[in-house]
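Undergrad: Here is a sequence with its predicted model. Questions after.
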Amino acid sequence: MAKMNTESYTISLAGMMAALALLFLYLAAILPTARLSMYGIASLFTIAMCIEQRTLYALLMFVAVSGLSLLILPNIMAALPYILFFGHYGIAKFHIEKIKDKFFAFVLKLVYFNGCLALNYFLARNIMLDTIPDFLKENFWIFLLVAQILFVAYDFLYSKLATLYFNRIRKFLMKRGRR
């Protein structure tokens, strides 16, 4: 019987998950709608690697997918949501949720999200030559409130999908080889 915790199995699992993440990023780049959903699905593959107790591989997978997305996607801007938030959020979430105090963990996830949001705002305003639409500038506080609500919904759904992976999908990936 093959061991599922071997290095080669872990590398192949990370490669498959990276390919799936790239597929969903490509879909986010070419589909006219459901972009946020595609980024959200692409982000699930990093937490799956964390669930397999392979945080280093999840981090390496994030770096590889980020680099490849800059090369493969039709435009560089399509890769930025993954690189600046979605790709690494699963790793952060996995480790933050190990904290026993659930309220503190929730606050820490909000701080993490807001830090990423502030970085995105700074990059859009200063590096990408003020690419923030006037609507967002004029309604910044409304945007910030809506972003918080959307993040809480995203985090809740992300947890449900990670649980689905752990309880249902994982057993098919971790079947032992038969002779």
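TA: Alright, I've got the coordinates.

Undergrad: Figure out the helix or strand that residue 53 lives in.
TA: Of the helices and strands defined by DSSP states H and E, none includes residue 53.

Undergrad: Residue 79 against residue 25, yeah?
TA: Yes: counting by CB atoms under 8 Å, residue 25 is a contact partner of residue 79 at 6.8 Å. C-beta coordinates here come from the backbone N, C-alpha and C atoms, glycine included.

Undergrad: Mind listing the shared neighbours of the two?
TA: 69, 73 (CB atoms under 8 Å, 6 or more residues apart in numbering).

Undergrad: between the two, which one's more packed in?
TA: residue 25 (28 against 23; other CB atoms under 10 Å).

Undergrad: how about the more buried one, what does it touch?
TA: Taking CB under 8 Å, 6+ apart, we find residue 25 in contact with 38, 39, 42, 65, 69, 73, 78, 79, 82.

Undergrad: Could you check the helix or strand where it lies and say which residues are buried?
TA: Using DSSP H and E, residue 25 maps to helix 7-30. For helix 7-30, burial by neighbour count (16 or more other CB atoms under 10 Å) applies to 9-10, 13-14, 17-18, 20-22, 24-29.

Undergrad: taking the mean pLDDT, what do you get for it?
TA: Across helix 7-30, pLDDT averages out at 92.

Undergrad: Centroid-nearest residue for this structure?
TA: residue 43 (2.6 Å; CA atoms, centre = their mean).

Undergrad: got the end-to-end distance for stretch 69-78?
TA: Its start and end residues considered, stretch 69-78 measures 8 Å (CA to CA, to the nearest Å).

Undergrad: now for the strand or helix carrying residue 56, which elements pack on it?
TA: If you go by DSSP H and E, residue 56 is part of helix 55-72. Under the contact criterion of 3 or more CB pairs under 8 Å, 6 or more residues apart in numbering; DSSP states H and E, helix 55-72 touches helix 7-30, helix 35-51, helix 87-96.

Undergrad: Off-centre distance for it?
TA: 11 Å (CA atoms, centre = their mean, to the nearest Å).

Undergrad: contacts for it?
TA: 10-11, 13-14, 17-18, 21-22, 25-26, 42, 45-47, 49-50, 76, 78-79, 82-83, 87-88, 90-91, 94-95.
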